[in-house]
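[1] Need a 3D model of the sequence below.
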Amino acid sequence: MTRTICNFRLLVAACLLGMAGSAQAVWPFNESDESKAEKLVTQGNQQLQAADELWRAGNAATVTVIRASTTAKAAEIYQAAAITYGEAEKLSPNLLNGLIKLRISYCAGQIEQIQEAAKPKPEPRVAVTHPAGLARGAGGGASSSEQAEVDVRRELASAQRCITGAHPEDAVPFLINVLRVDPTDRRALLLMATVRIQQGRYDDAIVTIEGLRDAEENEAVLLLASGAYCGAGRYFDALLALDKVMKKTPDLPQAHIDMAYLLLEMGPEKRGDAEAYYKYARKLGIPRDAALEKRLGMKPE
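    Have a look, this model is predicted:
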């Protein structure tokens, strides 16, 4: 089954690579720079999608030679995408509110990650970290008697109610009970990260969230990551996380409203861009946010 999935990903990546192309663009006479830049961004997006597919296919490959050759090819296409985006940025620096810079940085980060993975590594040593207050026994997890005493679904439901209520910190004991049984429970870890963000403990949240991020880059994890990075003052990382969400799901309202909040945190000079993202989120159906409208200086409807 794993090999079938890997082969399918390789096929998809090959198709996308054919669509992306690498030929020099030929422009119609008198075409505007902005129109040229938009076409280059489209080409760059196709290249980036092809590179991401190859990267995922390479990571899923069980044969070392295939994994190495596939990820190396992905690095080449990431480089091509970065060049294409760079050409678009030269023609229209403010296209997509400057997000092209983030995509160039993403490509560079992926190339660095692939190159790092290709280096010979020493014998691995595994270190496991746990949220504050989480203790583990010598056996690496809860005993069978402890597991029997914990109703995971009930504990998670109780934690969820606390998080949406007036005292989200009350969720922590419930989440610790779940994590004693299974330290890798994704929902419990996501909820723990949510509580830490609400408490202003952004660095703790980031440690938990980064342990949940993987090649698939789940939108919920990325949105949570952007909030934690923003709270910690790591605005560029927050922008990168939101840009990944928008590439995967361009019309996700929450991503656009989160971008509006993030741009406001970055400085008053970005208020115009923040308002544009908020208005687009409203068009996508998100309810009014009176507090954000006040910060944006918008007149009440």
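[2] so which helix or strand takes in the nearest residue to residue 160 once chain neighbours are set aside?
    Nearest non-adjacent residue to residue 160, counting by CB to CB, 6 or more residues apart in numbering: residue 191, 6.8 Å away. For the C-beta atoms, the positions are set from N, CA and C on the backbone; glycine is no exception. Per DSSP states H and E: residue 191 is located in helix 186-198.
[3] That helix - what's its average pLDDT?
    Helix 186-198 shows a mean pLDDT of 91.
[4] CA-only coordinates of that helix in CSV, if you can.
    Presented in CSV, the C-alpha positions along helix 186-198 are these (Å, rounded to 0.1, in the frame of the first residue of the first chain):
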residue,chain,number,x,y,z
ARG,A,186,-2.6,14.8,18.2
ARG,A,187,-5.9,16.3,19.4
ALA,A,188,-4.7,16.6,22.9
LEU,A,189,-1.4,18.2,21.8
LEU,A,190,-3.3,20.7,19.6
LEU,A,191,-5.6,21.6,22.5
MET,A,192,-2.6,22.0,24.8
ALA,A,193,-1.0,24.3,22.3
THR,A,194,-4.3,26.3,22.1
VAL,A,195,-4.3,26.7,25.9
ARG,A,196,-0.7,27.8,25.9
ILE,A,197,-1.4,30.5,23.3
GLN,A,198,-4.4,31.7,25.3
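[5] can I assume the residue nearest to residue 160 is in contact with residue 159?
    Yes - the pair residue 191 / residue 159 is scored as a contact, 5.3 Å apart, by CB atoms under 8 Å.
[6] Touching stretch 248-264 from outside, list them.
    Under the contact criterion CB atoms under 8 Å, 6 or more residues apart in numbering, stretch 248-264 has outside partners 217, 219, 223, 226-227, 230, 235, 238-239, 242, 245-246, 270-271, 273-275, 277-278, 280-281, 284-286, 289, 292, 295-296.
[7] List the buried residues in the helix or strand just after the helix holding residue 191.
    The element immediately downstream of helix 186-198 (helix or strand, assigned by DSSP H and E) is helix 202-212. For helix 202-212, the neighbour count (16 or more other CB atoms under 10 Å) marks 202, 204, 205, 206, 207, 208, 209, 212 as buried.
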